[in-house]
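Attaching a predicted model along with its sequence, questions to come.
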Amino acid sequence: QVQLVESGGDSVQAGGPLRLSCPASGYTYSSYRMGWFRQAPGKGREGVASINPDGRTQYGDSVKGRFTISEGYLQMNSLKPEDTAMYYCAARQCGGRPLLSLTDHEYAFWGQGTQVTVSS
């Protein structure tokens, strides 16, 4: 059974780094495509990054050059107050298209979220 549990959320100063974790449980990274999403209060869910098992990645425009996705992790650098949100990892089985997606309805499995707060 696929289970996703995020950790690593914290309150940090603007400009600082933070790394979120989402270890594999009940599946292998080679068989699932992963994504990270976030949701700020009063806003819709936003796709942050996605990764295919072959290593290909995709990023949302607001985080390009600052965030890096890898198997089970999201490294966030140069954090800004507007990055404040609840962050969720998500997974979908390999097969079919698209290889990469920042669209939440493409993902079948979700974690409970971890809070990131960035102060100026």
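Now that the structure is in, tell me what you want to look at.

which intervals of this protein have sub-threshold pLDDT?
Across the chain, nothing is flagged by pLDDT under 70.

give me the element the most centrally placed residue in it is part of.
In the chain, the centroid-proximal residue (C-alpha atoms, centre = their mean) is W36; its distance is 1.8 Å. Using DSSP states H and E, W36 sits in strand 32-39.

roughly how far is that strand from the heart of the chain?
Mean-position distance between strand 32-39 and its chain equals 4 Å (C-alpha atoms, centre = their mean, to the nearest Å).

Could you export it as CSV, CA atoms only?
Extracted in CSV, the C-alpha atoms of strand 32-39 (Å, rounded to 0.1, in the frame of the first residue of the first chain):
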residue,chain,number,x,y,z
TYR,A,32,6.1,5.9,-9.6
ARG,A,33,6.3,9.5,-10.7
MET,A,34,6.5,12.0,-7.9
GLY,A,35,5.3,15.5,-7.5
TRP,A,36,5.3,18.3,-4.9
PHE,A,37,2.4,20.7,-4.5
ARG,A,38,1.6,23.5,-2.2
GLN,A,39,-1.4,25.4,-1.0
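
Tell me which strands that strand pairs with, and in which orientation.
For strand 32-39, the paired strands and their directions (DSSP bridges) are strand 46-51 (antiparallel), strand 85-93 (antiparallel).

Among those strands, single out whichever gets nearest to L100.
L100 sits nearest to strand 46-51 of all those, at 4.7 Å, using C-beta to C-beta. C-betas here are computed from N, CA, C, even on glycine.

helix or strand right after the closest one?
Following strand 46-51 in sequence order, the next helix or strand is strand 57-59 (DSSP H and E).

which other residues reach that following strand?
Here strand 57-59 makes contact (C-beta atoms under 8 Å, 6 or more residues apart in numbering) with V48, A49, S50, I51, F67, T68, I69, L100, S101, L102.
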